[in-house]
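Trainee: Need coordinates for the below:
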Amino acid sequence: MSLFYKFALELVGDLADTRYRSAVGSLVRPLSSGKQTYSTVPDNYPVTRAMPKLESMVQCTGEAKYVSDVQQGHMLHAAFTLTTLGNAAIYKVDPTDAKAFPGVTMVILHGDIPGINNVSALHNPEELLASKRSLHAGQPIAIVVAVSQDVAEKAAKLVKVEYFDVQPPILNCRDAIAKQSFHPQPKGIVVGDAAAVIASAAVKVSGEIEMGTQNHFHMETEGAVTYPTEDGLNIESGTQHMDSVQQAVSQCCGIGRHRINVTVKRTGGGFGGKGGKNWIAGASAVAAFLTRRPVKVHVSLWDNLRMKGRRYPYLMKYQAGTDSSGKLLGVIMDIYGDAGASDNYIGPLNGAGRMSDNVYSSTAWKVSLYACKTNTPANTFCRAPGSTEAIYFIEYILEHVAKTLKKPSLDIKRLNFYKNGDTRRDGSIVKDIQVAEITDQLMESAEYTARMAAVTSFNQANRWRKRGMNVVPMRFDCHWAGRHYNCLIAIFHAGGTIAVTHGGIEMGQGINTKVAQVVAFELGVDVKYIVIQPTQTLTNANASGSNGSVTSELVCLAAIDCCKQLRTRIDAVRGKDTEKTWEVLIEECFKKGVDLSAHSYVSPVLELPVVYSTYSAMCTEVELDVLTGEYQITRLDMLYDCGESTSPMIDIGQAEGAIVMGLGYFLSENQVYDPKTGENVTFGTWKYKPPMAKDIPIDFRVAFLPNAPNPSGVLRSKLVGEPPLCMTSSVVFALRNAIAANLAEVNKDDAWFHVATPMTVERVQQYSRIEIPQLRYKD
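Mentor: Below is the predicted model:
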């Protein structure tokens, strides 16, 4: 109907009123532009110097080697057979046809596993191969080992699985609530009597928020290669968490961890999806252990999306009460998080509760958490897990309050900002809060007032094109507790070159570059002397996973400690002679028997759980084609407090990447399951749509807060990998404002209307509520 109307208007031409002619044609996207604004401190170079990643050239030319590139003549390959029903008992697994397929060496079932059938390093076991019941469609049930990847994948499809006791799968939070299917309930948050406060409040709002999931969608799907040795197993892995892989392999193969050495050179993206999910390394290790030959497992994109969990989907039911001005008095949130088949990865749900106040104060809170047990792969951490959703929850509530009071939402947000001296829900006292100042600076640099006036004028002049803007501020707390990272530095005589290995995983975030800059700064040498060697469990035993945005700074903290040890020894030889070159000095140290290697293990013990907080704000503007639901982001501005950035080019790239990932989450990445079988039907890019080049903002402006050193951070810096993603919900509210501008054209009910994410084109078009009487060409 809408497309035919567009066609008709094009035929009518100038006979149509100018406002209506905005329906003709499609949205035209001009050439994208971007602006990066950051400062450096030359006195501290190479720290704070903007430099490209150490690996950037070999990555751009394709010379960088990943696990997926590893190939040897005598190497075997393995692939998984996956279950096809999401809630069924396993009657029989018949590998006969697969074993007979030319090139197949072995088919491994759960009974063939030499150790324990468990690849989890957490409290609940997760089977390497399903034994009794398929908990979700896509669960590994057999491993086919063959002479090539192609043969392994083809033969894996020949393994026959018979089921019984087939039950309807539980696939989302609403299903779980209806069936009362829950994991143990996490602890919630209670401050004051929220129900009583809301009952007597002048203004009350209530509703539901529904959020979809997001696949990690790494550039490189996870892989592992295992080499049997006389001592045990050597594993090249693409994991984010070596310690977890080592433990899983130890369990499955029945050998001690001291016989297993895991090495990671780099991995092609992680986002949380390669930490703790150890099927790939487990399968490679078990197959190599049984065949006594090297075995590579590199799953296809399709199998990767079928078998692995993803970002938690959520259903949140809320009530809130304010005074007549919009000041929050009480908030109730019932947060239902879809944990999937296991609650091993409950952290995102806890985070959604913990950060649900964002930058806002209220006298009373009641936040209840429910971990829904569904027949989907166990959902897990995904870049900014819990924090992204938590900020969306409270922003959504305040947008609802603003609509009810018919006030600009930014005015309501300002009214509720925490102030220095306020008490947070955990009892800590607010100090050094910058949210109001950063929001003011963003509004000025983003020309918010003038652009809002331009949006209003545009909407008045165009019937079928609408624009919307929105600002979302943010607080993101930095937590170091429970993290453990190593660093080992070796300086070599006859040249003074330096090798570093650390407990973090290079997965595109530039951790190696930051470590090299910090080591160069601390030792007073040029970065050219330094190379970062692969990470290994032998030299970096018991290291935490690389996640939570804190790995880079804690590894740098360990590197600083190593450098202090080395400087003490080197300075004793240098004495007062400052004219010696680095090469000469190191050679003299060597001849005097000075130990030129140092190791450090960082495991912070803190008085308070929050080391520091970072504040930021984002302003997003969109343009909507009302008739089709298509839209584009005309401009996005972010002002972010990065402290004194260790490596500004790295950090600003991380910020931009986080923003684009967030836009995909809130707009286009829609996960769909078959309601009868529970199978993932969006396991490739034909139906699942991560953001591409034309989905980024047309005008993309990212700025770091200038002159803002962080006294609590490593070398005055702040974390950056995840927080920018948390504010990308501003695009949802900008789109909602554009839709509201359309509804106002036809005197639709001006009350608040609910939206669900992702805001796909189809959903947006439906929210616009187009009806035939509206399709005119004159007023």
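Trainee: When you work out contacts or count neighbours from here on, use the C-alpha atoms and nothing else.
Mentor: Noted.
Trainee: mind listing the helices in the stretch 1-150 of the chain by residue range?
Mentor: Using DSSP state H, counting those that start in this stretch, the helices of the stretch 1-150 of the chain run over 2-12, 56-61, 96-100, 149-156.
Trainee: mind listing the strands for the stretch 251-400 of the chain?
Mentor: Ranges of strands within the stretch 251-400 of the chain are 260-264, 295-298, 314-322, 328-340, 364-373, based on DSSP state E, counting those that start in this stretch.
Trainee: Which positions in the helix of greatest length in the chain come out as buried?
Mentor: The residue-count maximum for a helix in the chain (DSSP state H) belongs to helix 551-574. For helix 551-574, the neighbour count (16 or more other Cα atoms under 10 Å) marks 551-563, 565-567, 570, 573-574 as buried.
Trainee: can you pull out the helices in the stretch 151-300 of the chain?
Mentor: Counting by DSSP H, counting those that start in this stretch, the helices of the stretch 151-300 of the chain are 173-179, 194-199, 242-253, 279-291.
Trainee: same question but for the stretch 601-750 of the chain, I mixed them up
Mentor: 648-667, 723-726, 730-745.
Trainee: Next: the stretch 401-550 of the chain.
Mentor: Under DSSP H, counting those that start in this stretch, the stretch 401-550 of the chain gives helices at 409-416, 435-445, 448-461, 511-523.
Trainee: In contact with the residue nearest the centre of the chain, which residues?
Mentor: With distances taken as Cα atoms, centre = their mean, residue 383 lies nearest the centre of the chain, 1.3 Å away. Going by Cα atoms under 8 Å, 6 or more residues apart in numbering, residue 383 touches 271-272, 548, 658, 722, 725.
Trainee: Give me the buried subset of the residues you listed.
Mentor: Listed as buried from the contacts of residue 383 are 271-272, 548, 658, 722, 725; burial here means 16+ other Cα under 10 Å.
Trainee: which of those residues sit farthest apart?
Mentor: With distance counted by Cα to Cα, no two of these lie farther apart than 272 and 725, which are 14.0 Å apart.
Trainee: Let's see stretch 508-528 as CSV, backbone CA atoms only.
Mentor: Provided in CSV are the C-alpha atoms of stretch 508-528 (Å, rounded to 0.1, in the frame of the first residue of the first chain):
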residue,chain,number,x,y,z
GLY,A,508,41.6,-6.4,17.9
GLN,A,509,41.3,-3.9,20.8
GLY,A,510,45.0,-2.9,20.6
ILE,A,511,46.2,-4.3,24.0
ASN,A,512,49.6,-5.2,22.6
THR,A,513,50.1,-1.6,21.4
LYS,A,514,49.2,-0.1,24.8
VAL,A,515,51.5,-2.5,26.6
ALA,A,516,54.4,-1.7,24.2
GLN,A,517,53.8,2.1,24.7
VAL,A,518,53.7,1.7,28.5
VAL,A,519,56.9,-0.5,28.6
ALA,A,520,58.7,2.0,26.3
PHE,A,521,57.7,4.9,28.6
GLU,A,522,58.6,3.2,31.8
LEU,A,523,62.0,2.0,30.5
GLY,A,524,62.8,5.2,28.6
VAL,A,525,63.3,3.5,25.2
ASP,A,526,61.8,3.7,21.8
VAL,A,527,58.8,1.4,21.0
LYS,A,528,61.0,-0.1,18.1
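Trainee: how about it: buried residues?
Mentor: Buried residues in stretch 508-528, counted by 16+ other Cα under 10 Å: 508-523, 525, 527.
Trainee: Need the residues that contact that stretch.
Mentor: 44-47, 53-54, 266-269, 504-506, 530-532, 552, 555-556, 559-560, 563-564, 567, 582, 646-647, 650, 654, 721.
Trainee: Of those, grab the buried ones for PyMOL.
Mentor: In PyMOL syntax, the buried subset of the contacts of stretch 508-528 is picked out as below (16+ other Cα under 10 Å):
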select buried, resi 45+46+47+53+54+266+267+268+269+504+505+506+530+531+532+552+555+556+559+560+563+567+582+646+647+650+654+721
